[in-house]
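[1] fold the following for me, if possible:
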Amino acid sequence: MPRSSDSKKRHHRAGSAPNEKQGPMVSVLLPTLNRPGYFAQALFSVVRQSYKNLQIIVVNDGGRDVSSVVDSCGDPRVIYINRKENRGKAFSLNEALERAEGKYIAYLDDDDLYYPDHIATLVEALENQTECQVAYSDLYKVYCSIQPDGSRLALGKVVEVSRDFDRFVMLYYNHVLHVSLLHRRDLIDRTGPYNEDLSVLIDWDMTRRLAFFSDFHHITDITGEFYSPVGDSDRISVRKRKDKSEYLRNALTIRTTRPPKPWPKIEDMSIILVTDRLDKQTAGTIGSIWRYSFYPYKLYLPLPQVDAGRFEAGVPNVVIVPVDSSVPGARRIDAALAVCDGEYVAVVPSGFDVTEMWLEDSLHALINSPLAGEAIELDRSTDALWAAVMRKSDLQSARNNFPDMSIRESLESAGITLRRPRPNEIPFQFDQLLAEAQRTEKAGDFSEAGRIYEHIAAGYENQLWMKSLAATAYFKAGEYSRAAQLTDELNRSRPTVDTLLLEARLKRKEKDFASSVDLLERAKCMLDEKELLWT
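    Numbers count the residues shown, from 1 in each chain. Below you'll find the model as predicted:
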């Protein structure tokens, strides 16, 4: 018998949602610019949410007037800000936030859409399922072609990412789309508003700052869609990424942003750069630290007064610590240590080889070590250029008890264990295994790739996503039995277009044509879901 969990049934569960009229208000921010056709679909997907206690704030960012679309809703919950001047997405979001009255904030771009229970699902989670103040769901990435009349023809729907929250990853790059996000409004009072100097990565800047103050609750329900045109994309964010220097400027700005303290979810880091003078080598090391560090930090630079006076602060988060030129290196570090405010301290010599993950590998090991009294040496540390990261309290204790020794000797004398990070302590284990599986697939060893995907699912969460990739790999390898087991499991728990299509192909190989046709019909219904829901 065909399974009955069709797409319509999956998207009408309003009975499990909070009381729609008495639940907390949610303010939905919907900026738009010159896409009235797409905007209409986006707006109606909000207006028709099963959760009714909404404030819907539409901001026209100096583009074509969409008042006719807003008026056609006839919904008093919609606030329309029709600005004549184009000021950018960050400005528009800040403008909407000034009007937002809800306990929670949600976001929708003008070319994406919510399914009917999107808001209800997220509110239910934050109100009743978690202590987190931020929640996010999964979304379909809809590959589409743009038709001559400007409409979009859906070519395929894929849950490209279904990733559990990882704060270390969030500090490095964004893995939570804004369209899927719901968070407490009062968090903005702590993060600060959107950065209007950014031209790209605006969403990541905010999600990264939110991670300083709350964990994120991941809901694996698919509650909406975002669109990805095949070929040239009309998304502003995609087009602006093509300017590599501007992209780098934005990324560095975001990585060095430090919201006001206290930070309940992140411990700060102080980097003490050891140098005798402000020379070209020291300037190069400072620039490399700025370029390659992504964990929140301040850089403390103990310098003789003559050099301190001529330092030009072209790099953010640098604190100059004036010292007498006759003070030896270890004592200069002591001077910086006396004023630094990070829970972790990295001691780094000028000229140290600073590249990607130069510090974060060791820091991640230290943060996650259950043992006290450890200092983790950096990967490229040598006797000549010794560098390590440690807890500030351990370094202070070592220096107080053994002030006449070098930093390394004082740590050892204080009983602090010096070691390198172990392979299983390196961050981004999931990402490294995923990259290995993808390389294995590219090389044509689909069977081994499937096993790697299953290994990731067993030990690194993100199970639905990894099992879907494993099923596809096994199918390509001709291991149809294992592929069938996985697709059956996935389609019973959370069917998607791609897993339904894969199971249909497997049923056809088994000559179970009736089941194959049923699965294809379910996939088509899901692919056409927007039209079924909103027309």
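[2] low-confidence regions, the stretch 101-250 of the chain specifically.
    232-241 (pLDDT under 70).
[3] could you pull out the strands for it?
    According to DSSP state E, counting those that start in this stretch, the stretch 101-250 of the chain carries its strands in the segments 104-107, 113-114, 134-146, 152-158, 181-184, 216-229.
[4] what ranges do the helices span in the stretch 201-350 of the chain?
    Per DSSP state H, counting those that start in this stretch, the stretch 201-350 of the chain carries helices over the ranges 202-210, 236-240, 244-255, 280-292, 305-308, 329-339.
[5] can you tell me which of those helices is most buried?
    Ranked by mean neighbour count under mean count of other C-beta atoms under 10 Å, those are led by helix 202-210, which reaches a mean of 23. Just so you know, the C-beta spots here come from the backbone N, C-alpha and C atoms, and that holds for glycine as well.
[6] show me how far that helix is from its chain's centre.
    Its chain's C-alpha centre and that of helix 202-210 lie 8 Å apart, by C-alpha atoms, centre = their mean, to the nearest Å.
[7] identify the residues contacting that helix?
    Contacts with helix 202-210, where a contact means C-beta atoms under 8 Å, 6 or more residues apart in numbering, come from 89-90, 93, 107, 134, 170-171, 173-174, 176-178, 181, 183, 187, 191-192, 194-195, 198, 216, 237, 253-254, 257, 259.
[8] could you check how far the closest residue to Glu374 other than its chain neighbours is from Ser369?
    The shortest distance from Glu374 to any non-neighbouring residue, by C-beta to C-beta, 6 or more residues apart in numbering, is to Thr417 (4.8 Å). Distance, Thr417 to Ser369, by C-beta to C-beta, to the nearest Å: 10 Å.
[9] these two: which is more packed in?
    Comparing Thr417 with Ser369 by other C-beta atoms under 10 Å, the one with more neighbours is Ser369, at 17 against 14.
[10] any chance of the strands of the stretch 101-250 of the chain in TSV, plus distance to Val497?
    Putting these into TSV (distance: least, C-beta to C-beta, whole Å) gives the following:
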stretch	distance to Val497
strand 104-107	24
strand 113-114	16
strand 134-146	8
strand 152-158	4
strand 181-184	23
strand 216-229	10
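[11] highest mean neighbour count out of these?
    For those, the highest mean count by mean count of other C-beta under 10 Å goes to strand 113-114, at a mean of 26.
[12] for that strand, the distance to its chain's centre please.
    20 Å.
[13] got the contact list for it?
    With contact meaning C-beta under 8 Å, 6+ apart, strand 113-114 is reached by Gln41, Ala42, Ser45, Val46, Gln49, Leu108, Val179, Thr223, Gly224, Glu225, Lys530, Trp534.
[14] what of stretch 68-87?
    For stretch 68-87, contacts defined as C-beta under 8 Å, 6+ apart pick out 33, 36, 39-40, 43-44, 47, 54-63, 65-67, 92, 95-96, 99, 196.
[15] 7 Å - rerun?
    For stretch 68-87, the surrounding residues in contact (C-beta atoms under 7 Å, 6 or more residues apart in numbering) are 36, 39-40, 43, 47, 54-62, 65, 67, 95, 99.
[16] now, of the residues you listed, which are buried?
    For the contacts of stretch 68-87, a burial check counting by 16 or more other C-beta atoms under 10 Å picks out 36, 39-40, 43, 47, 54-62, 95.
[17] give me the spatial nearest neighbour of Ile376, chain neighbours excluded.
    Nearest residue to Ile376, sequence neighbours excluded (C-beta to C-beta, 6+ apart): Ser362, at 4.0 Å.
[18] the one you found is in what secondary structure piece?
    helix 360-368 (DSSP states H and E).
[19] any chance of CSV for the helices of the stretch 201-350 of the chain, columns distance to Tyr140?
    Converted to CSV, the helices of the stretch 201-350 of the chain look like this (distance: least, C-beta to C-beta, whole Å):
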stretch, distance to Tyr140
helix 202-210, 18
helix 236-240, 18
helix 244-255, 26
helix 280-292, 35
helix 305-308, 55
helix 329-339, 50
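[20] Ser270 is nearest to which of the ones you listed?
    Taking C-beta to C-beta, helix 329-339 is the member of these nearest to Ser270, at 7.7 Å.
[21] all set now, cheers.
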